[in-house]
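S.K.: Got a predicted structure here, sequence first:
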Amino acid sequence: MAYPVESLGREYVVVTYCKNYKCQFAVVATKNTTKVSISLRMDQINNVVFRNKTYTNGSLLQVILKRYQTLQIQSKGDLTGTRIESSEAIAVFAGAPLTPMYEDNSTSIVYSRDHLVDQLPPVSSLGSVYVISPFPNTMSEDYIRIVVYKNTYVQVDGVLHNITTYDRYRQFLLPAGRHTIVTSGSPVLVAQFSQSTSDTTDYGDASVAIVVPVGSWRSEYVFSPLNFIDVFSNRSTYVSIVTTTSCMSDVLLDGEPIASKWIENAEYAHTSFDLYGTKHHLSVKKNTFLLVDSCS
């Protein structure tokens with residue numbers, strides 16, 4: 001997803017994940033003489049080298065950027081929790097090149113890996129209520145990272161956890177087959193990761209999606225799915241929709257009710273299905289979350 005300039009901000013908190021390669025993020029200025037201050041967070045054994053100077057955990061890196069100039073920061077370790085402030089609106093992207101995603105104690109051989117990248121929302125767009133639907137077409141559980149901007153508590157499906165800025169984040173393995181509800185005392189950033197899989201019946205690359213808070217859901221979307229024309233005949237583009245349970249029958253895709261099965265509880269419902277074509281229109285009476293992605 002790419003955000004328009006008018007939705008950018010001046011404060012960001014970073015989420016990254018890298019298993020075997022470098023974690024990274026990029027800052028893009030929208031105006032000349034943009035002053036950027038980066039409070040780096042990383043493990044004590046890692047560092048960032050910029051203009052022949054070494055920065056470690058807790059260091060402040062400052063730079064002035066011209067309009068459309070880009071600053072890229074890389075580290076061999078996780079940069080989650082890094083805070084960015086600027087004098088003008090900036091765009092921030094985060095990810096990692098060609099990385100797998102799996103449990104640290106996993107004993108299986110993991111073959112699949114992919115480039116992870118997504119644009120980050122500013123702190124002003126973060127929320128306190130999230131509904132996370134599982135990535136479809138896989139039997140593996142997803143992970144989420146909940147990143148804090150200040151000390152707060154979070155509830156994951158009703159279970160309470162405290163997260164401090166010293167902790168930076170908490171990572172959770174989500175149950176398969178149903179959506180998960182996350183609430184917090186203060187706005188947080190939530191990133192969802194699909195696991196790498198090497199099983200011949202469940203092969204898929206790692207991927208990442210920044211979860212949209214319920215407060216930012218919309219009642220109408222126009223979107224275009226990816227249409228693969230290549231040797232990977234098992235690739236598909238899917239759509240995931242999350243709405244309130246009371247609105248399931250009101251969701252219309254290209255003017256028609258959704259034909260796929262909804263998975264619901266007392267408050268929210270979600271559904272996923274493959275979709276092709278060049279342009280689609282989703283509408284509903286009340287605000288809804290839409291995710292368009294691809295998988296293999």
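M.R.: Thanks, I have the structure now. Here the structure is a predicted model, which means the values were calculated and not measured. Residues are numbered from 1 along each chain as shown.
S.K.: quick one, domains of this protein?
M.R.: 8-111, 123-214, 217-295 (automatic domain parsing).
S.K.: and those, which one is worst for confidence?
M.R.: Within the domains of the chain, the stretch with the lowest mean pLDDT is domain 217-295, showing a mean of 81.
S.K.: how near is residue 80 to residue 242?
M.R.: The gap separating residue 80 from residue 242 is 25 Å, by CB to CB, to the nearest Å. C-beta here means a position set from N, CA and C on the backbone, and glycine is covered the same way.
S.K.: Let me know which of the domains of the chain is the nearest to residue 1.
M.R.: domain 123-214 (7.5 Å; CB to CB).
S.K.: Pull the distance from that closest one to the chain's centre.
M.R.: 8 Å (CA atoms, centre = their mean, to the nearest Å).
S.K.: can you count the residues close to residue 283?
M.R.: Residue neighbour count, defined by other CB atoms under 10 Å, stands at 16 for residue 283.
S.K.: likewise the one 4 residues further on?
M.R.: Here the number of neighbours of residue 287 (other CB under 10 Å) works out to 15.
S.K.: hang on, it packs against residue 219?
M.R.: Yes - contact criterion CB atoms under 8 Å: residue 287 and residue 219 qualify, at 5.1 Å.
S.K.: Can you name the secondary structure element that comes next after the strand or helix carrying residue 36?
M.R.: In this assignment (DSSP states H and E), residue 36 forms part of strand 34-39. Going down the chain from strand 34-39, the next helix or strand is strand 48-50, by DSSP H and E.
S.K.: Three-state assignment for residue 124, please.
M.R.: helix (DSSP: H, G, I helix; E, B strand; the rest coil).
S.K.: excluding its backbone neighbours, what's nearest it?
M.R.: The shortest distance from residue 124 to any non-neighbouring residue, by CB to CB, 6 or more residues apart in numbering, is to residue 9 (5.0 Å).
S.K.: For the one you found, list the residues it contacts.
M.R.: By CB atoms under 8 Å, 6 or more residues apart in numbering, the contact set of residue 9 is 89-90, 121-125.
S.K.: ok, so of these, who is nearest residue 43?
M.R.: residue 123 (23.3 Å).
S.K.: hang on, isn't residue 117 packed against residue 92?
M.R.: No - using CB under 8 Å, residue 117 makes no contact with residue 92, being 11.3 Å away.
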